[in-house]
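Asks: Kindly return the folded structure for what I paste below:
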Amino acid sequence: MVEPDQIAPHVEDILRVLGDKVDKTEIERMLMNYIEIYKISVDDAKRAIVKHFGGSVGGLSRSTGERKKLNELEGTEQNLDLLVRLVAVSPKQVTVKGQLRVIHTGILADETGTRPFTAWSSDFPFEKNDVLSIRNAYCRAFKEAPEVQMGDRVRITKEDDGALPPFQELGGNFKVNELHEGMTNVSVVTRVLEVERREVEVDGLKKVVFSGIMADATGKVNFTAWADFSIKVGQVVHVGNAYVKGWRGIPQLTFDDKSHVGTLPEKDFPTMKELQANTELRIGDLLERGGAMGAVIKGVIIDIRPGSGLVLRCPQCNRVIQKGACSIHGKVEGEHDLRIKAILDDGTGALTAIINRELTEKLLGKDLEAAKKDAMKAMNTEVIFEELREKLMIETVRATGRVTSDDFGLMLLVDDIEPYKPDLEKEARALLGELEKPPEVE
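Replies: Numbers count the residues shown, from 1 in each chain. Purely as a prediction, here's the structure:
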């Protein structure tokens, strides 16, 4: 049997819609009859009663049993019910119809993700990490991403902390290696490795911007903050409602005054030393994602491309001279340099590796002057190219650097490279272990 206190919130909801024009006891009786005798749902019963008295069912809240998850939001919902954890909140002054007003903005999280919110009330007595039951909110799209709105009709109740897992265990956070250009409403948890403050000019006005590098166990990412969040090197931070821009396929995390940044406990998060090390990545994953910083690629050199070896560069723009002329500055007196354009394959894909003079000298076993002398002696620069092919073709190497992406594919700008001797037994055992894993049950 349904108890009166169980239906009390629904009675109040009906009275709110009907404007207290009907007797509360009568509403209680009708609601009990619909549920107990006719066995219909609470929501259907409420709609039937409101229609009976000529009210609008559009103003009714749904029962909490029909609440939505954050990842289900599309940006058009009305009468929205949620159970969420408050990840971040801050007051903000805005001008509405010519009047100064205090509102609250922040980030909500549940098991499926995170979403930004705006509470249009100066009275918002809730704090970070509170678990909230929100009824009769609505949703709109901002920059094509859903944003929860809490207006005058919203009802918010603080729930027991155990109603949702701690924020670190909730869904919705992306790993660094999952970021790609064009993403919006991004949440990440990272450690700050580098940060610098600089001034830029935007639309004729000077603005302070903060930039640097953040990292998690999956990799590093450049960031740009267009507001001062007091970010410090070494902090573990949660960044919410950020977006991802890109430069030549390399994701760059960007956040502004609509984003939220908060510090988190360092427990169980990789240390600065661990995160400063470069991250081993597979070329196949990079083909899907785009570029990356601080990438370690282990693979086989399957080709040395023409344009490798002893080359001439334009003294003005440093471009390689082709057929005696620079593509920008025309006929110029070139300066000698050494480089390698190699094709590196790791079994999941291939990319072009660009290796500079210093590393080319290391692989070749001779410096630029010695290479020039050998070319003069042979009266042909191709001898250096052929020597590189003989030394490096089908060699297994470990290369580190920045991976960019464009219409021509992936390119690794190599910072370091060395021969690599794979532990075949260890890798075979790892592969066998993967094959022997039981299939996941859906």
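Asks: Show the residue spans covered by the helices in the stretch 151-300 of the chain.
Replies: Here the stretch 151-300 of the chain has its helices, by DSSP state H, counting those that start in this stretch, at 272-276, 283-289.
Asks: got the CA coordinates for the shortest one in PDB?
Replies: Extracted C-alpha coordinates of helix 272-276, given in PDB (Å, rounded to 0.1, in the frame of the first residue of the first chain):
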ATOM      1  CA  MET A 272      56.000  14.500 -11.800                       C
ATOM      2  CA  LYS A 273      59.000  12.300 -12.600                       C
ATOM      3  CA  GLU A 274      56.900   9.500 -14.000                       C
ATOM      4  CA  LEU A 275      54.800  11.900 -16.200                       C
ATOM      5  CA  GLN A 276      57.800  13.800 -17.500                       C
END
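Asks: Distance from that helix to the middle of the chain?
Replies: 20 Å (Cα atoms, centre = their mean, to the nearest Å).
Asks: Please tell me the pLDDT value assigned to residue 235.
Replies: Residue 235 is assigned 93 on the pLDDT scale.
Asks: pretty sure it is touching residue 190, no?
Replies: No - applying Cβ atoms under 8 Å, one finds residue 235 not in contact with residue 190, separated by 9.3 Å. In this view, the C-beta of every residue, glycine as well, is placed from N, C-alpha and C.
Asks: So for these two, which sits in the more crowded spot?
Replies: residue 190 (28 against 18; other Cβ atoms under 10 Å).
Asks: which non-adjacent residue is nearest that one?
Replies: Sequence neighbours aside, residue 214 is the residue nearest to residue 190 in space, at 3.8 Å (criterion: Cβ to Cβ, 6 or more residues apart in numbering).
Asks: my guess is the one you found meets residue 189, correct?
Replies: No - under the criterion of Cβ under 8 Å, residue 214 makes no contact with residue 189, lying 9.5 Å away.
Asks: most centrally placed residue in this protein?
Replies: residue 179 (4.1 Å; Cα atoms, centre = their mean).
Asks: For it, which non-adjacent residue is closest in space?
Replies: Once flanking residues are discounted, residue 179 sits nearest to residue 251: 4.2 Å by Cβ to Cβ, 6+ apart.
Asks: Tell me how many other residues surround the one you found.
Replies: Using other Cβ under 10 Å, the number of residues around residue 251 comes to 27.
Asks: so what's it scoring on pLDDT?
Replies: pLDDT, residue 251: 89.
Asks: Just grab the bridge partners of it for me.
Replies: residue 246 (DSSP bridges).
Asks: Quick check: most distant residue from the centroid of the chain.
Replies: Max distance from the centre of the chain (Cα atoms, centre = their mean): residue 377, 54.8 Å.
Asks: which of the residues in whichever strand or helix holds that one are buried?
Replies: Residue 377 is located in helix 368-378, with elements delineated by DSSP states H and E. With burial defined by 16 or more other Cβ atoms under 10 Å, the residues of helix 368-378 counted as buried are 368, 371-372, 374-375.
Asks: before we move on, the earlier item: please report how far the residue nearest to residue 179 lies from residue 412.
Replies: 16 Å (Cβ to Cβ, to the nearest Å).
Asks: before we move on, what about residue 184?
Replies: Relative to residue 412, and taking Cβ to Cβ, residue 184 is found at 28 Å.
Asks: Surely residue 94 touches residue 104?
Replies: No - counting by Cβ under 8 Å, residue 94 stays clear of residue 104, with 10.7 Å between them.
Asks: Could you check which of these two is surrounded by more residues?
Replies: Set side by side, residue 94 and residue 104 show more neighbours around residue 104, with 18 against 12, by other Cβ under 10 Å.
Asks: Tell me which strands the helix or strand encompassing that one pairs with, and in which orientation.
Replies: Assessed by DSSP H and E, residue 104 sits inside strand 99-110. Sheet pairing of strand 99-110 (DSSP bridges) gives strand 80-96 (antiparallel), strand 113-119 (antiparallel).
Asks: what comes up buried for that strand?
Replies: By neighbour count on 16+ other Cβ under 10 Å, the buried set for strand 99-110 is 103-110.
Asks: same question, stretch 264-278
Replies: Result for stretch 264-278 [16+ other Cβ under 10 Å]: buried residues 269-270, 275, 278.
Asks: With stretch 386-398 instead?
Replies: Neighbour-count burial for stretch 386-398 [16+ other Cβ under 10 Å]: 387-389, 392, 397-398.
Asks: Confirm for me that residue 53 is in contact with residue 18.
Replies: Yes - checked against Cβ under 8 Å, the pair residue 53 and residue 18 is within contact range at 5.5 Å.
Asks: Looking at the two, which one has more neighbours?
Replies: residue 18 (18 against 15).
Asks: any idea how far residue 151 is from the more buried one?
Replies: Taking Cβ to Cβ, one finds residue 18 at 20 Å from residue 151.
Asks: next one: residue 124
Replies: Per Cβ to Cβ, residue 124 is found 13 Å from residue 151.
Asks: Could you check which of those two has the larger neighbour count?
Replies: Using other Cβ under 10 Å as the criterion, residue 124 and residue 151 rank with residue 124 on top: 18 against 12.
Asks: residues touching the more buried one, list them.
Replies: Residue 124 sits next to 89, 91, 104 when contact means Cβ atoms under 8 Å, 6 or more residues apart in numbering.
Asks: could you redo the last one with a cut-off of 10 Å?
Replies: The contact partners of residue 124, taken as Cβ atoms under 10 Å, 6 or more residues apart in numbering, are 86, 89, 91, 102-106, 150, 156.
Asks: State the phi and psi torsions of it.
Replies: Main-chain torsions, residue 124, degrees, to the nearest 10: phi -140, psi 80.
Asks: Find me the pLDDT at it, would you?
Replies: pLDDT, residue 124: 91.
Asks: Then the one 3 residues further on?
Replies: According to the per-residue confidence, residue 127 scores 89 in pLDDT.
Asks: quick one, longest helix in this structure?
Replies: Ranked by residue count, the top helix of the chain under DSSP state H comes out as helix 4-18.
Asks: Average pLDDT for the next helix or strand after that helix, rounded please.
Replies: Once helix 4-18 ends, the next helix or strand along the chain (criterion: DSSP H and E) is helix 24-36. In this model, helix 24-36 has a mean pLDDT of 85.
Asks: Could you do stretch 296-304 as well?
Replies: Computed over stretch 296-304, the average pLDDT equals 94.
Asks: What residues of that stretch count as buried?
Replies: Applying 16+ other Cβ under 10 Å to stretch 296-304 flags 297-301, 303-304 as buried.
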